[in-house]
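Q: coordinates for the following, if possible.
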Amino acid sequence: MTSTFLTAAQKEALERTTNALSTRGKGITACDESAGTIGKRFDAVGIANTVENRRSYRQMLFTAPGCEDYLCGAILDPETLYQKSDDGTLFPQLLADRNIVPGVKPHLKVYTLPGTHGDTVMQGLDSLAVRCKEYYEAGARFAKWRSPIEIDKSKGRPTDLAIKSNMSDLARYALICQSEGLVPIVEPDVSLAGKHTLEEAAAVNTKVLAELFKQMIDHGVYMAGATLKSNIINPGKECPVSYTAKEIGRANVAVLEETFPVAMKTANYLSGGQTLEDAAARLSAINKANIKGPWNLSFSWSAAFQLPLLELCKGKEGALQLDAMSKLYIEELETASAASKGEYSCTEGGGDHKGERKRKLED
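A: The predicted structure is shown next:
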């Protein structure tokens with residue numbers, strides 16, 4: 001099947017968005033946490049989880065002076081998509097005025113697949129076309145769907161069923177998005193949790209990505225009008241084997257070379273529980289190792305940016321420290337931008353997985 005249902009004009013519009021999201025040296029700020037998720041982050045530092053605090057905080061992420069020099073996109077929660085800045089400008093328009101493409105995360109629910117020892121799929125395809133149409137009318141130009149996957153060799157996870165089900169859903173989501181004018185960001189997220197080695201993680205990620213792109217092509221997705229948001233391929237957090245950031249970078253590029261279509265212009269990696277320094281060091285190593293590939297390899301980070309910002313609010317009597325947060329945020333974006341060009345200089349050992357040291361401490 002081919003993507004013949006799209007007109008030339010529709011394809012051109014999708015590619016304008018993917019081209020913008022592929023700007024070298026720029027990346028995506030992920031501000032799509034649900035009220036519940038951001039509420040947990042607020043609670044941890046003494047901030048009340050109110051609609052106004054969420055609006056004010058995200059306004060800072062969109063208006064920090066100079067942020068447009070490092071950002072090409074922003075992923076919004078549906079709540080944020082309809083909120084306004086202090087001067088009454090809707091956030092999608094505010095972002096577009098700064099040449100930052102606004103996107104949205106549709107609401108999804110997790111469903112555990114019976115008989116898989118814990119593998120999950122995401123539910124949210126019902127009424128997705130209607131919601132995508134509403135999101136487009138509200139100013140969004142792309143969407144993002146995350147399918148989490150965990151590696152647990154002792155339980156045979158991820159199962160083939162989980163991989164095929166999740167990748168089929170991602171492909172259907174992508175098809176629906178494109179039919180409503182939104183660029184789909186597909187996000188298979190293989191978790192850091194576990195004891196798996198880097199080699200085992202690379203094998204699973206190769207299988208996942210190969211299935212994803214096959215499903216997308218089989219479904220008739222216009223590949224040049226879609227982008228990838230993927231985990232950085234890492235050994236599990238509890239892996240006893242040590243790896244350097246350089247080795248991690250090479251492993252990621254090897255998987256891309258085996259699976260990633262050249263029609264897709266960019267991959268924006270999620271932080272996935274890594275610190276900003278580790279994520280930046282590994283992203284920089286990936287870019288240094290990418291000699292053959294034509295793709296832009298950049299960032300789409302949430303926690304790596306936001307957790308350090310929120311720490312500035314601890315002990316401040318529940319007040320958002322917006323000026324201090326804005327300043328630190330720009331410093332973080334500068335780090336991420338350098339990493340997206342392979343130019344980040346970290347401390348010695350930055351980005352390495354120090355498995356052997358952890359094993360010695362446990363002994």
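Q: going forward, measure contacts between C-alpha atoms and count neighbours the same way
A: Will do.
Q: what residues are up against residue 338?
A: 25, 284, 344 (C-alpha atoms under 8 Å, 6 or more residues apart in numbering).
Q: buried ones from those residues, can you make that a ChimeraX selection?
A: Those of those that count as buried under 16 or more other C-alpha atoms under 10 Å are selected in ChimeraX with:
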select :25,284,344
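Q: which of the contacts of residue 338 lies closest to residue 224?
A: Residue 224 lies nearest to residue 25 out of those, by C-alpha to C-alpha, at 20.1 Å.
Q: what segments of the stretch 151-300 of the chain are helices?
A: 160-179, 198-219, 245-259, 276-289 (DSSP state H, counting those that start in this stretch).
Q: got a list of what residue 255 touches?
A: Residue 255 touches 202, 205-206, counting by C-alpha under 8 Å, 6+ apart.
Q: neighbour-wise, which one of the residues you listed leads?
A: Within these, neighbour counts (other C-alpha atoms under 10 Å) peak at residue 205, which reaches 25 neighbours.
Q: one step back: tabulate the contacts of residue 255 (CSV), appending pLDDT and distance to residue 60.
A: CSV is the format used below for these (pLDDT from 0 to 100; distance: C-alpha to C-alpha, whole Å):
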residue, pLDDT, distance to residue 60
202, 98, 37
205, 98, 35
206, 98, 38
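Q: so how far is residue 88 from the most centrally placed residue in the chain?
A: Centrality entry for the chain: nearest residue to the mean C-alpha point is residue 270, 3.8 Å, by C-alpha atoms, centre = their mean. Going from residue 270 to residue 88 by C-alpha to C-alpha, to the nearest Å gives 31 Å.
Q: returning to what we had before: please look at the residue nearest to the centre of the chain and residue 233 and confirm they touch.
A: No. Using C-alpha atoms under 8 Å, residue 270 is not in contact with residue 233; the gap is 10.4 Å.
Q: look up the pLDDT of residue 356 for me, please.
A: Residue 356 is assigned a predicted lDDT (pLDDT) of 68.
Q: scratch that, residue 1
A: The per-residue pLDDT of residue 1 was computed as 50.
Q: picking that back up, most tightly surrounded among the helices of the stretch 151-300 of the chain?
A: helix 276-289 (a mean of 26; mean count of other C-alpha atoms under 10 Å).
Q: compute the inter-axis angle for that helix and helix 245-259.
A: Inter-element angle recorded for helix 276-289 and helix 245-259: 60 degrees (by axes from the mean of the first three to the mean of the last three C-alpha atoms, to 10 degrees).
Q: that concludes my questions; thank you for your assistance.
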